[in-house]
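Trainee: Just a sequence and a predicted model for now, questions to come.
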Amino acid sequence: MDFGSPPAGGSGVNRDELMDQVKSQIAIANAQELLQKMSDKCFKKCVTKPGTSLDNSEQKCIAMCMDRYMDAWNIVSRTYSTRLQRERGKI
Amino acid sequence: MDSFGSGGGAGGQVDPQMQHFIEAESQKQRFQQLVHGLTDTCWEKCMDRPSTKLDGRTETCFVNCVERFIDTSNFVLNRLQNKAGTGELH
């Protein structure tokens, strides 16, 4: 992962700035991954026969698909997190 | 990684607060990555046609999918450990 180049005069790097940079790079990487997966899944579901443009029904389908993908992501995140806590409670 | 945690000083060693930050962010990122992957896998198993909301059956499928995935991981780990114990794995 590329965290960006350090500012000139390296030893003057503020630790808090660095941590903020790292956090925002991570957030960007996660957003990109989400975008890529959403595009992939919704293309597969909604664009069955690619035409010369995205027609209205395809666009509606993609919009719905994006919302459902976010719903799914949230369910998976919640379920996984809860399960992890349960597993940890057993130790 | 044995140069970490020995406090500040020369030679580019990482201070303890930084090390804690790195460990925390790494753990968060592992979680995120797993959610991305599981959402992908479970979408393939559970989703037919996207509609205006996730119906109960589909939502249950996602929940089951996550739980059964973790069961599978545990099963795989346990069985591999048992095989290693009996010397079947070289």
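Mentor: Great, that's in hand. Everything quoted here is computed from the prediction, not taken from an experiment.

Trainee: Okay, strands next: where are they in chain A?
Mentor: Using DSSP state E, chain A contains no strands.

Trainee: For it, which residues are neighbours of chain B?
Mentor: Taking C-beta under 8 Å from any C-beta of the partner chain as the contact definition, chain A meets chain B at A:15, A:19, A:22-23, A:26, A:30, A:33-34, A:37, A:41-42, A:45-46, A:61, A:64-65, A:68-69, A:71-73, A:75-77, A:79-81, A:83, A:87. Just so you know, the C-beta spots here come from the backbone N, C-alpha and C atoms, and that holds for glycine as well.

Trainee: Now restrict the residues you listed to buried residues only.
Mentor: Listed as buried from those are A:22, A:26, A:30, A:34, A:37, A:41-42, A:45-46, A:61, A:64-65, A:68-69, A:71-73, A:75-77, A:79-80, A:83; burial here means 16 or more other C-beta atoms under 10 Å in any protein chain shown.

Trainee: dump the residue contacts of the residue nearest the centre of chain A.
Mentor: For chain A, the residue sitting closest to the mean C-alpha position, by C-alpha atoms, centre = their mean, is A:L34 at 2.8 Å. Counting by C-beta atoms under 8 Å, 6 or more residues apart in numbering or on different chains, A:L34 touches A:W73, B:H36.

Trainee: so the residue nearest to A:K23 when sequence neighbours are not counted, which of the three states?
Mentor: Spatial nearest neighbour of A:K23, excluding adjacent residues (C-beta to C-beta, 6 or more residues apart in numbering or on different chains): B:E25 at 7.0 Å. Three-state assignment for B:E25 (DSSP: H, G, I helix; E, B strand; the rest coil): helix.

Trainee: got the contact list for B:E25?
Mentor: Residues counted as contacts of B:E25 (C-beta under 8 Å, 6+ apart) are A:V22, A:K23, A:I26.

Trainee: Does B:R49 fall in a helix, a strand, or a coil region?
Mentor: With three-state DSSP as the basis, B:R49 sits in coil.

Trainee: try the one 3 residues further on
Mentor: Counting by three-state DSSP, the backbone at B:T52 sits in coil.

Trainee: wait, doesn't it sit right on A:C61?
Mentor: No - with contact defined as C-beta atoms under 8 Å, B:T52 and A:C61 do not form a contacting pair (11.3 Å).

Trainee: Quick check: closest non-adjacent residue to B:V63.
Mentor: Distances taken as C-beta to C-beta, 6+ apart put A:T79 closest to B:V63, at 5.0 Å, once the chain neighbours are dropped.

Trainee: Now do the contacts for the one you found.
Mentor: Going by C-beta under 8 Å, 6+ apart, A:T79 touches B:F62, B:V63, B:V66, B:E67.

Trainee: Return the subset of these lying in helices.
Mentor: B:F62, B:V63, B:V66, B:E67 (DSSP state H).
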